[in-house]
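Peer 1: the following block contains a protein sequence and its predicted model.
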Amino acid sequence: MLEIKNLHVSVEGKEILKGVNLSIKPGELHVIMGPNGAGKSTLANVLAGREKFEVVKGELEFNKTSLIDMLPEHRAGEGMFLSFQYPIGIPGVNNMYFLKAAINSIRKYRGKDELDAVTFLKMIREKLKIVKLDDSFIHRPVNEGFSGGEKKRNEILQMISLEPTLCILDETDSGLDIDALRIVAEGINNYRNNDRAFILITHYQRMLNYMEPDFIHVLIDGKIVKSGPKELAQKLEEKGYSWI
Amino acid sequence: MKIDEKKIIDNAVNQDYKYGFVTDIEQEKIAPGLDESVVRFISKKKGEPKWLLEYRLKAFSHWKTLTEPDWALVSYPEIDFQSISYYAAPKPKEKLSSLDEVDPEILETYNKLGIPLDEQKMLANVAVDAVFDSVSIATTFKKDLAKAGVIFCSFSEAVKDYPELVKQYLGSVVPYTDNFYAALNAVVFSDGSFVYIPKNTRCPMELSTYFRINAANTGQFERTLIIADEGSHVSYLEGCTAPMRDENQLHAAVVELITLDNAEIKYSTVQNWYPGDKNGKGGIYNFVTKRGACRGVNSKISWTQVETGSAVTWKYPSCILQGDRSVGEFYSVAVTNNMQQADTGTKMIHIGKNTKSTIISKGISAGKGQQTYRGEVKIMKNAENSRNFSQCDSILIGDQCGAHTFPYIDVRNSTSQMEHEATTSNIGEDQLFYCNSRGISTEDAVSMIVNGFCKEVFKELPMEFAVEAQKLMEVTLEGSVG
């Protein structure tokens, strides 16, 4: 579903990704690891369509459609979701209102009717249980005054509410305590199915204790230098990136 | 910038001001210029008593000694006060006894503006006084109000029918010596609204005045006087629009509010005068003096304003808290887009003991808009245990606009408390991208973020107008992000 070929990406004139190749099929879970500054977050942002990340060369296709000139909101409509490393606050806008706007924008894009308030609320209550947040959570302003763990769980809440087919999780595990980590990992696991793929960007092997990735990729200096099965992550944890 | 976004922005920028049409109607207008004969003409035209003519003439000789205020952070070419016509009225201008006698063209104008004056079609439970250029055209629901003892009529009628009340309160909160524009208003004001709520009466419906400037080369100088007698309560709303014209037009109104013991006035404004085109051509100069006096103990005056229109705004709705335990509030959302300029804020003067004031000001600047919050909080020596809380937040959209804050604080006793908070922020690229990545378009994201920012103020507006205000903000800010 996702084809990345020889992707070169610049940020403010500086080349960060220098020829990334990656192919992802429905149902797969890919993990991208790598040292700080290797370009992991750049990859996540360019997939989601952030404007300042400029594709200078290469191809980027999602379900056989080029993403290069597609607006980020349309990418979301097409089924992409990015869980942010640092979700930003929006003062005065409550979480429920935000979620409803997001869900209905995407439903509209997909040619579905908008959800009415009752159906929406019922749906959100169920999703809240999955990420173990109580109802009051949705009445708070978006990411304002949330703890680190709450922010990440909120990202997962959005993910499972927006029904994407490709989920990109940018360091969703960092800053989480053991319990929160388990909740997030379970949320992701339960959400896996044959049609949905995941890209998990992480520094640590620990999240992988709870999940079964299909591939581990090592990104160093803007290129994927090694790919392998789950065991590769353990080896990296033991030996560090210099081993490669 | 992506192609789609550019298209949205271009469309929005080229969108016309929705209320910019002109009503073609026969009217009576005097030649431009201001001298004593003009003052006498206006007074005679309105059949005013001698005391009011004298009041105008005194104001006129005072006005001639004044110069325009220049301390506000706004710039515009010098106004030639002799080039303005000071009286315009639709013909026929005989006293109207019912709506049937109103020129159908004018009724149609208000219909187009979404303010039907036909009582069957009216907004439920809102009485409207419609002011067209210089005269009040119609006041609805008069009978229902009369049953409750509430007086709601045009200023001219009030002068004839309730001269004692007018005489007692006119200029008692904003004297003609107050400032240049207040003096000018006292000289040439032609009409406006008058409200009196009797003792222990809760006004049974919202009162509303809808101002419309139609004629070219005229100024609009209306005067509003609201008196809430002991233990009474009223909620009042004003709205305003004007045609699109290439020349600037002056609007210099005066609003005076008085609350006696335990009374409350809630005054809301949705100001949508023509702001000029995107290059700054045309638009209304909105130079307005609004002030309320909480004369009685435990009385309350609350100003809520949503300011989206006008080329230049100069406006400081204020409260004089004379009565012990009286309360003053100011909730403001002001938007400046394109070339608009606004210098707006409030004054809270604490005189009585245990008085309390709250200021919540939200400024939004986009395009090349320039906006200033200017507020004064003065707590006098005898105003023991008084409290003020001020919060002034500004949001900037784009990198060519400006936001400025000038708080003046003067506390003269040691038992009072004063808090001031101020923030300035951008609508960040990161906030917009966050919304985009969740499927929300940039336009929707901006209006969501701005509405979130203004929430504390919008919730103070009467329900149906809060919705209006939100829509208005969306239109005003459309295409401001690029």
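Peer 2: Okay, I see it. Residues are numbered from 1 along each chain as shown, chains lettered A, B, ... in the order given.
Peer 1: neighbours around whichever residue of chain A sits closest to chain B, how many?
Peer 2: Going by C-beta to the nearest C-beta, chain B is nearest to A:Gly92 of chain A, at 3.0 Å. C-beta: built from backbone N, CA, C; applies to glycine. Using other C-beta atoms under 10 Å in any protein chain shown, A:Gly92 has 21 other residues around it.
Peer 1: likewise B:Leu260?
Peer 2: Around B:Leu260 there are 20 residues (other C-beta under 10 Å).
Peer 1: ranges for the helices of the chain?
Peer 2: Reading this off chain A. Counting by DSSP state H, residue ranges of the helices within chain A are A:40-48, A:72-78, A:95-109, A:117-130, A:148-162, A:178-191, A:231-239.
Peer 1: my bad, the chain I had in mind was chain B
Peer 2: Taking DSSP H as the criterion, chain B carries its helices at B:3-13, B:36-45, B:50-63, B:104-112, B:142-147, B:155-161, B:163-169, B:180-188, B:429-436, B:442-458, B:463-477.
Peer 1: which ones are touching the residue of chain A most remote from its centre?
Peer 2: Relative to the centre of chain A, and counting by C-alpha atoms, centre = their mean, the farthest-placed residue is A:Val118 at 28.4 Å. A:Val118 makes contact with no residue, according to C-beta atoms under 8 Å, 6 or more residues apart in numbering or on different chains.
Peer 1: again with A:Gly92
Peer 2: Under the criterion of C-beta under 8 Å, 6+ apart, the contact partners of A:Gly92 comprise A:Pro141, B:Asn451, B:Gly452, B:Phe453, B:Cys454, B:Lys455, B:Glu456.
Peer 1: and the residues you listed, which are buried?
Peer 2: For those, a neighbour count by 16 or more other C-beta atoms under 10 Å in any protein chain shown gives the buried set as A:Pro141, B:Asn451, B:Gly452, B:Phe453, B:Cys454, B:Lys455.
Peer 1: return the member of the residues you listed nearest to B:Gln249.
Peer 2: Proximity of the buried ones among the contacts of A:Gly92 to B:Gln249 (C-beta to C-beta) peaks at B:Cys454, which lies at 27.5 Å.
Peer 1: now the closest one. Nearest residue, chain neighbours left out?
Peer 2: B:Val333 (4.7 Å; C-beta to C-beta, 6 or more residues apart in numbering or on different chains).
Peer 1: from A:Leu200, how far out is that neighbour?
Peer 2: Using C-beta to C-beta, to the nearest Å, we find B:Val333 at a distance of 43 Å from A:Leu200.
Peer 1: give the bridge partners for the residue nearest to A:Ala44 when sequence neighbours are not counted, please.
Peer 2: What sits nearest to A:Ala44 in space, not counting adjacent residues and going by C-beta to C-beta, 6+ apart, is A:Asp170, at 4.3 Å. The bridge-partner assignment for A:Asp170, based on DSSP bridges, gives A:Ile201.
Peer 1: contacting residues for A:Asp170?
Peer 2: Taking C-beta under 8 Å, 6+ apart, one finds A:Lys40, A:Ser41, A:Ala44, A:Leu82, A:Ser83, A:Phe84, A:Gln85, A:Ile201 in contact with A:Asp170.
Peer 1: go with 7 Å
Peer 2: Under the criterion of C-beta atoms under 7 Å, 6 or more residues apart in numbering or on different chains, the neighbours of A:Asp170 are A:Ser41, A:Ala44, A:Leu82, A:Ser83, A:Phe84, A:Gln85, A:Ile201.
Peer 1: by neighbours, which of those wins?
Peer 2: With neighbours set by other C-beta under 10 Å, the maximum within those is found at A:Leu82, which has 28 neighbours.
Peer 1: that residue against A:Ile168, yeah?
Peer 2: Yes: in this structure, A:Leu82 sits in contact with A:Ile168. The criterion is C-beta atoms under 7 Å, and the distance is 4.8 Å.
Peer 1: what does the model give B:Leu472 for pLDDT?
Peer 2: Note on B:Leu472: pLDDT of 74.
Peer 1: re earlier: need the overlap of contacts for A:Leu82 and A:Ile168.
Peer 2: Counting by C-beta under 7 Å, 6+ apart, the residues touching both A:Leu82 and A:Ile168 are A:Ala44, A:Ala48.
Peer 1: need the contact list for the closest residue to chain A within the stretch 351-482 of chain B.
Peer 2: Distances between the stretch 351-482 of chain B and chain A by C-beta to the nearest C-beta are smallest at B:Gly452, namely 3.0 Å. Applying C-beta under 7 Å, 6+ apart, one finds that B:Gly452 lies in contact with A:Ile90, A:Pro91, A:Gly92, A:Val93.
Peer 1: can you pull the contacts of the closest residue to B:Ile84 other than its chain neighbours?
Peer 2: Counting by C-beta to C-beta, 6+ apart, the nearest residue to B:Ile84 once its immediate chain neighbours are dropped is B:Gly219, at 4.7 Å. Applying C-beta under 7 Å, 6+ apart, we find B:Gly219 in contact with B:Ile84, B:Tyr86, B:Gln249, B:Leu250, B:His251, B:Ala252.
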